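Q: predicted model and sequence below, questions to follow.
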Amino acid sequence: MVRKLLQPFYTVYIILTFVAGLLLLFPVFLAVSIANNAWSRRTIWRIIRPWSQTWLWIIGMPLRIQGQKPMKRRYVVVANHISYMDTVVVFSAIPFYFRALGKAEMVKMPLLGYVYKQIVILVKRDSSHNRARSMRLMWRAVKYESSVLVFPEGTFNESPKPLKEFYDGAFRLAINAQTPIFPMIFPDTVDRWHYSHWWKVWPGRNRAIYLDPISVDGLTLQDVPALKEKVHQVMSEALVKAKA
């Protein structure tokens with residue numbers, strides 16, 4: 001009963017603080033993005049990371065990291081996707097510069113869409129040509145610029161299972177670039193912001209759990225199904241354990 005009464009006010013608070021932060025930082029993003037190169041993308045990440053950490057603390061969802069921090073190198077980062085909050089939490093959770101694969105439709109959002117397209121590798125899933133282009137851009141990024149984040153489920157997991165089936169993309173990328181996979185899980189974001197409605201937000205525990213990196217040394221594209229299944233199993237078991 002109390003939650004039903006307070007949730008609309010908390011939702012308004014979430015929106016106001018987010019928009020205020022975006023408006024405050026947007027001139028900086030605009031100025032930095034003029035260069036439109038790796039330096040500008042890294043600089044925007046350096047601004048977004050502390051902003052996301054501060055905002056999560058302000059709204060009562062501070063992120064707690066569990067697990068061992070991986071060695072400093074480039075990775076193909078994979079994480080479960082269960083909440084709108086995931087796209088903010090990743091900046092607090094991932095301890096190194098990365099670029100994410102994201103939906104091209106998001107660039108239509110006012111202001112936020114502009115920032116989004118500066119740092120995200122865009123993909124239109126209904127276009128085979130665009131998917132192939134995105135794969136080339138991710139390969140180039142992980143070889144020469146940064147780690148790459150992929151949500152291998154593709155979209156929200158609305159099933160009763162810990163994870164949906166994974167797409168091949170992240171695992172093909174890791175093998176082609178011979179770059180290890182760094183899996184991580186977000187067991188609590190669905191409780192912080194439920195996917196069913198945009199206003200279903202509530203403060204509380206918020207964890208990011210690092211899992212052990214998985215080597216792809218010597219693997220070929222024929223090993224994609226086995227690698228995908230291995231990572232799926234590791235992440236599923238970790239999610240079940242964390243939720244328990």
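A: Right, received. Where do you want to start?

Q: run through the chain and note the low-pLDDT ranges.
A: 125-127 (pLDDT under 70).

Q: leaving out the residues flanking it, which one is nearest to residue 63?
A: Distances taken as C-beta to C-beta, 6 or more residues apart in numbering place residue 92 nearest to residue 63, at 4.6 Å, with adjacent residues excluded. Where C-beta positions appear, they are placed from N, C-alpha and C, glycine not excepted.

Q: right, and the one you found touches residue 61 too?
A: No. Contact criterion C-beta atoms under 8 Å: residue 92 and residue 61 do not qualify, at 9.8 Å.

Q: how about the strands in the protein?
A: Using DSSP state E, the strands assigned to the chain run over residues 64-66, 76-79, 98-103, 120-123, 147-150, 181-185, 207-210.

Q: who touches both of residue 92 and residue 61?
A: Here residue 92 and residue 61 share no contacting residue, scored by C-beta atoms under 8 Å, 6 or more residues apart in numbering.

Q: so who does the residue nearest to residue 63 touch?
A: Taking C-beta under 8 Å, 6+ apart, one finds 49, 52, 53, 56, 63, 208 in contact with residue 92.

Q: mind checking the longest helix of this protein?
A: Ranked by residue count under DSSP state H, the longest helix found in the chain is helix 2-32.

Q: okay, buried residues for that one please.
A: With burial defined by 16 or more other C-beta atoms under 10 Å, the residues of helix 2-32 counted as buried are 10, 11, 13, 14, 21, 22, 25, 29, 32.

Q: which one of those is nearest to residue 118?
A: residue 29 (7.0 Å; C-beta to C-beta).

Q: hang on, residue 130 packs against residue 123?
A: Yes. The pair residue 130 / residue 123 is scored as a contact, 6.2 Å apart, by C-beta under 8 Å.

Q: between the two, which is the more surrounded one?
A: A side-by-side neighbour count of residue 130 and residue 123, using other C-beta atoms under 10 Å, places residue 123 first with 21 against 14.

Q: hmm, back to that, can you put the buried residues of helix 2-32 in a markdown table and add distance to residue 105?
A: Listed next are the buried residues of helix 2-32 as a markdown table, based on distance: C-beta to C-beta, whole Å:
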| residue | distance to residue 105 |
| --- | --- |
| 10 | 27 |
| 11 | 23 |
| 13 | 27 |
| 14 | 22 |
| 21 | 23 |
| 22 | 19 |
| 25 | 23 |
| 29 | 20 |
| 32 | 24 |
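
Q: out of the residues you listed, the closest to residue 86 would be?
A: So of the buried residues of helix 2-32, ranked by how close each gets to residue 86 (C-beta to C-beta), first place is residue 14, at 15.2 Å.

Q: mind listing what the closest one touches?
A: Neighbours of residue 14 in contact, by C-beta under 8 Å, 6+ apart: 59, 201.
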